[in-house]
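Visitor: Here is my input; please provide its structure:
(one chain, ligands or ions: 1)
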Amino acid sequence: MKFTKLHGLGNDYVYVNCFEEDLSRVDLPELARRVSDRNFGIGGDGLILIMPSDRADFRMRVFNNDGSEAKNCGNGLRCVSKYVYDHGLTQQTTFTVETLGGTVTPVVSLGADGKVDQVTIDMGEPRFERAAIPMTGIPEEQVREEVIEVDGTSFTMTAVSMGNPHAILFVDEVKEEDVRHYGPMIEYHEWFPERTNVEFIQILNQEEILFRVWERGSGVTLACGTGACAAAVAAHLSGKTGRKVTVHLAGGDLFIEWKEADNRVYMTGPATEVFSGTYLGEIPFK
Ligand SMILES: N[C@H](CCC[C@H](N)C(=O)O)C(=O)O
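Guide: This is a model prediction of the structure:
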């Protein structure tokens, strides 16, 4: 199976071009687990399929490294956008990509080599109701700076959906050990029937956020695009930042704008192709 490795700020996935590879009979969750393995497979935070769509120019499917399928992936969308332009699947610098969380419209910009270096994506409108995250409790209620307690420690949390769930925790100081310790406890917390991504954010000033993430289904990653969007929204709602913020993630910076005019969140950042190859491991069939 031919694949290409790309990353968005170090959030790296194995990409398969399904215009060329037929994976229709493949056990995709098991394939994701196998190719993501950094010792016995290719290595990555998961598997992303670039597919035809009958309602958009392309379709993206995302599988975390535990095999769970996600509804959206910001870093993945930037890398899919780079792949389809650089590999000639489109000659347009803007197009549509269908995801389980909705259809988005990336706009790519080119470097001196004529290849995509930056991508801006309208990631759509954030959702806050418990039913939309999803969270247990009153369906139409929103969770704004509420206390969640895990292992005897309380966090102030705002819940935001960007097509996938995000528990945004406001902390005075972001610590890697807290991400690894409390991240999985909140991912599997009973309030989140479909689990959740967990973001720890430290607001530096009106325009900057320090950010670390424990991803649902993948654990600690260097970046999370949908998480950065959710964090920027939660930070603005808290009154501590404007609508345009630079999010400093472990793998680099994303620029996020939550536009007042259309209530949509715009994410701008890089996408990098690293290598391509052929996976020689056994392909698991359904
Ligand atoms: N772990 C996420 C999917 C990947 C999101 C992240 N890698 C991004 O860039 O948005 C979930 O299960 O919702």
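Visitor: show me the contacts for Leu237.
Guide: Going by C-beta atoms under 8 Å, 6 or more residues apart in numbering, Leu237 touches 144, 158. Heads up, the C-betas are built off the backbone N, CA and C, glycines and all.
Visitor: pLDDT at it, what is it?
Guide: pLDDT recorded at Leu237 is 98.
Visitor: repeat for Gly101
Guide: 90.
Visitor: and the gap between it and Leu254?
Guide: 18 Å (C-beta to C-beta, to the nearest Å).
Visitor: Neighbour count for these two, which is higher?
Guide: Leu254 (29 against 20; other C-beta atoms under 10 Å).
Visitor: beta partners for that one?
Guide: Taking DSSP bridges as the rule, Leu254 bridges to Val247.
Visitor: before we move on, what about the one 4 residues further on?
Guide: Judged by DSSP bridges, the bridge partners of Trp258 are Val265.
Visitor: next SSE after the helix or strand encompassing Met267?
Guide: If you go by DSSP states H and E, Met267 is part of strand 265-270. Of the helices and strands lying after strand 265-270 in sequence (DSSP H and E), the nearest is strand 272-278.
Visitor: what packs against that next one?
Guide: In terms of contacts (3 or more C-beta pairs under 8 Å, 6 or more residues apart in numbering; DSSP states H and E), strand 272-278 is packed against strand 2-8, helix 74-86.
Visitor: Just name the most buried of the ones you listed.
Guide: Highest mean neighbour count among the helices and strands packed on strand 272-278 (mean count of other C-beta atoms under 10 Å): helix 74-86, with a mean of 27.
Visitor: immediately after the strand or helix carrying Met60, which helix or strand?
Guide: Met60 is part of strand 58-64 when elements are defined by DSSP H and E. Proceeding C-terminally, strand 58-64 gives way to strand 69-70 as the next helix or strand, assigned by DSSP H and E.
Visitor: Now do the host helix or strand of Gly227 against strand 265-270, angle only.
Guide: For Gly227, the host element (DSSP H and E) is helix 225-237. Relative orientation of helix 225-237 versus strand 265-270 (axes from the mean of the first three to the mean of the last three C-alpha atoms, to 10 degrees): 130 degrees.
Visitor: returning to what we had before: near the ligand, anything from the strand holding Met267?
Guide: No: legend: contact between strand 265-270 and the ligand by C-beta under 6 Å from any ligand atom is lacking; minimum distance shown is 9.0 Å.
Visitor: about what we covered before: and the strand holding Met60, what does it pack against?
Guide: helix 28-36, strand 46-51, strand 69-70, helix 74-86, strand 97-99.
Visitor: picking that back up, what distance separates the helix holding Gly227 from the centre of its chain?
Guide: Computed by C-alpha atoms, centre = their mean, to the nearest Å, the chain-centroid distance of helix 225-237 equals 12 Å.
Visitor: Could you pick out the residues of this structure near the ligand for me?
Guide: Residues of the chain lying near the ligand by C-beta under 6 Å from any ligand atom: 11, 62, 64, 70, 73-76, 164, 197, 215-218, 224-227.
Visitor: returning to that earlier point: now the strand holding Met267, how far from the centre of its chain.
Guide: The answer for strand 265-270 is 11 Å, by C-alpha atoms, centre = their mean.
Visitor: returning to that earlier point: looking at the helices and strands packed on strand 58-64, which is nearest to Leu210?
Guide: Among the helices and strands packed on strand 58-64, helix 74-86 comes nearest to Leu210, with 17.9 Å by C-beta to C-beta.
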